[in-house]
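K.L.:
compute the structure for the input listed below.
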Amino acid sequence: MQTFLTKISQKKIILLEYLLEKDTWCSMQELKEILTVTEKSILHYIEELSLLFLEYGENITLENRNNKQFWIHKKKDFPIYNIYLYFYKDSYNYQLIDFMYHYPDESLESFAKSQYTNVSTVFRYAKLLVPYFERHRFKFQPFKLELNAEEIAVRSFFYYFYWNSTRHSEKSWPFKTSLSIIKNYINAFEEIYQVSLSSLQRRMLSYWLTINLERSKIRAIKINQFYRKVVDNDYNFSYLNQWVDEMNLDLSLDERYFLYQIIYSFGIIDGNKKYENSHATIHKKVNTPSFRAVLNLAVALEQQFQFKLDIEDPELIFNFVAFHERSSLFFGNTDLFFNRSYIKEIQEENLRASIVMEDCHKILKNTSDSEVTALLENWEQLFLSYYFILDYYDLFLCNVDPIKILIQDDLHHTHRLWLMNKIQTYYGHAYFFAFYDYQTEVSEVDLVISNYYLNTEKTPLLLMKNIPTNRNWRQLDELLSKIAYKKANFLKEN
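P.N.:
Residues are numbered from 1 along each chain as shown. Modelled structure (predicted):
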């Protein structure tokens, strides 16, 4: 967070987070103690947040009682990152990266002049970008404002940088090339390819096309041998050449190869079997690293789960090749601002799934060739795609040791059936259950639920009312989490 925030902006974010977490009235005195600033400064922050929130209507509001008490109301489904991005985009380092894109031959001194400040001030912030870029395998020279990396990776960085910060509104178009001109190009693309792109596909293509047009004038791009073969073997490449020529886009052959790769790997042509099937067939024919990564996945799934992946399905091959191709363009987390790690999230929320993913990753590496291994190094980016695949095929449920629950009460059998159904409805998406009745010994289960006390020795007992209260459900939620965590740890140790 500090990479993109000034000290003052950090104070505003702390204020925002504190009021959101408090979710009730908060006094001025309390905020002064938290932020260690004057009352005047806090009122200035409050005023700025209030004006910012007006853009989002009832999704988020700030209530102010005579400048003495404050309360932020936010709807649950409103993404708070919209607010964070406002402060990020206002920072020196956001402006610096934006400056690097638009003025690639200028130095830090030029940027300082554009900000009406001295070089030493902006250099303090620019230094923070050195480790920031290192996580993407870029070498950054602050004074020269140089990014030392392959041009494909640099363009991918700028795509994710602008996509994550400006895609939400056409008013935020970040490029010099007019959006209306780009839209005309895309209209022609649809006509030549005989496709109708979704609004999301058009938006993605508009960003990529603009970046390629603007960067191609100053930096050359290199395409690897495998992808040259893919493109050269695809007769549909003639459509792209026709489009580029008719629009006078002035793109070299390598630029056209790269644009072709973007169109397929980012799903811009997704949903059109004519192009998907042809593309998948060619990857198989050329035996590209991305195709071999899919074959390697099939081997790993059969070894780990005895599951056969349908590698004869061209739609599957197309989609699975695509996310490997994307990962080959840019190393590391594509969430450039928040660096959200799905690996850590799954580890915290579902330890068992995390362990299964770790085991899968080990098998993938053990069964891969050198070029596929190089792709798998970008696990931070590939993780979520592999997770979705395992989840889609219900592979997390293979060989699962269920949470064994004994429901033992003095009510009629229908009540026990009702309670089983309720537990399954509320928690079945997160846990795998096996229910038992009176004939089962307490020692054989993980949890006993009853409406009266009984000695269950080491097995946890949950006393639940005939019609469970909210407190009962919270207690059950906590117990299920503890039991699942204990089982996952046992699995990890064994």
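
K.L.:
lowest confidence element among the helices and strands of this structure?
P.N.:
One helix or strand of the chain scores below all others by mean pLDDT, DSSP states H and E: helix 470-493, with a mean of 83.

K.L.:
just the buried residues of that one, please?
P.N.:
Going by neighbour count (16 or more other C-beta atoms under 10 Å), the buried part of helix 470-493 is 476, 479-480, 483-484, 487-488, 491. Every residue, glycine included, has its C-beta placed from N, CA and C.

K.L.:
show me the domain layout of this protein.
P.N.:
Domain assignment of the chain by automatic domain parsing yields the ranges 2-79, 287-397, 403-493.

K.L.:
for those, state which one has the densest average packing.
P.N.:
domain 287-397 (a mean of 18; mean count of other C-beta atoms under 10 Å).

K.L.:
now do the strands in the stretch 151-300 of the chain.
P.N.:
Assigned by DSSP state E, counting those that start in this stretch, the stretch 151-300 of the chain shows no strands.

K.L.:
tell me the contacts of the residue lying closest to residue 488 once chain neighbours are set aside?
P.N.:
Computed as C-beta to C-beta, 6 or more residues apart in numbering, the closest residue to residue 488 that is not its neighbour in sequence is residue 351, at 3.7 Å. Residue 351 makes contacts with 484-485, 488-489, 492, as judged by C-beta atoms under 8 Å, 6 or more residues apart in numbering.

K.L.:
what do you get for residue 432?
P.N.:
So residue 432 contacts 397, 400, 402-403 (C-beta under 8 Å, 6+ apart).

K.L.:
report the central residue of this protein.
P.N.:
residue 335 (6.1 Å; C-alpha atoms, centre = their mean).

K.L.:
please report phi then psi for that one.
P.N.:
Torsion angles at residue 335 (phi, psi; degrees, to the nearest 10) stand at phi -80, psi 80.

K.L.:
apart from its neighbours in sequence, what residue is nearest it?
P.N.:
Once flanking residues are discounted, residue 335 sits nearest to residue 164: 6.9 Å by C-beta to C-beta, 6+ apart.

K.L.:
now do the helices in the stretch 251-400 of the chain.
P.N.:
For the stretch 251-400 of the chain, the helices defined by DSSP state H, counting those that start in this stretch cover 253-265, 273-286, 289-305, 314-329, 342-349, 351-367, 370-376, 379-392.

K.L.:
looks to me like residue 404 is in a strand.
P.N.:
Yes: counting by DSSP: H, G, I helix; E, B strand; the rest coil, residue 404 falls inside a strand.

K.L.:
report pLDDT for the nearest residue to it once chain neighbours are set aside.
P.N.:
The shortest distance from residue 404 to any non-neighbouring residue, by C-beta to C-beta, 6+ apart, is to residue 445 (4.1 Å). Per-residue confidence (pLDDT) for residue 445: 91.

K.L.:
I figured residue 445 was touching residue 459, is that so?
P.N.:
Yes: in this structure, residue 445 is within contact of residue 459 by C-beta atoms under 8 Å, at 6.2 Å.

K.L.:
roughly how far does residue 352 sit from residue 303?
P.N.:
19 Å (C-beta to C-beta, to the nearest Å).

K.L.:
low-confidence regions, this structure specifically.
P.N.:
Low-confidence segments of the chain (pLDDT under 70): 1-2, 399, 490-494.

K.L.:
show me the contacts for the closest residue to residue 274 other than its chain neighbours.
P.N.:
In this structure, residue 274 finds its nearest non-sequential neighbour in residue 236, 7.7 Å apart by C-beta to C-beta, 6+ apart. Residue 236 makes contact with 274-275, 278-279, according to C-beta under 8 Å, 6+ apart.

K.L.:
just residue 483 next, same as before
P.N.:
Going by C-beta under 8 Å, 6+ apart, residue 483 touches 403, 446-447, 460.

K.L.:
quick one, phi/psi of residue 27?
P.N.:
Per degrees, to the nearest 10, the backbone of residue 27 is at phi -80, psi 160.

K.L.:
specify the beta-bridge partners of it.
P.N.:
According to DSSP bridges, the partner residues bridging residue 27 are residue 69.

K.L.:
pretty sure it sits against residue 66.
P.N.:
No: using C-beta under 8 Å, residue 27 is not in contact with residue 66; the gap is 11.4 Å.

K.L.:
now stretch 290-302: how far from the chain's centre is it?
P.N.:
23 Å (C-alpha atoms, centre = their mean, to the nearest Å).

K.L.:
what does that stretch contact?
P.N.:
In contact with stretch 290-302 (C-beta under 8 Å, 6+ apart) are residues 283-284, 307-309, 311, 316-317, 320-321, 324-325, 328, 360, 363-364, 367-369, 371-372, 375-376, 386, 389, 393, 395.

K.L.:
check stretch 333-345 too.
P.N.:
1, 4, 81, 84-85, 88, 135, 157, 160-161, 164-165, 354, 357, 379-381, 383-384, 387.

K.L.:
change it to 6 Å
P.N.:
Contacts with stretch 333-345, where a contact means C-beta atoms under 6 Å, 6 or more residues apart in numbering, come from 88, 160-161, 164, 380, 383-384.

K.L.:
next one: stretch 109-129
P.N.:
Applying C-beta under 6 Å, 6+ apart, the external contacts of stretch 109-129 come out as 3, 92-93, 96, 99, 108, 140, 142.
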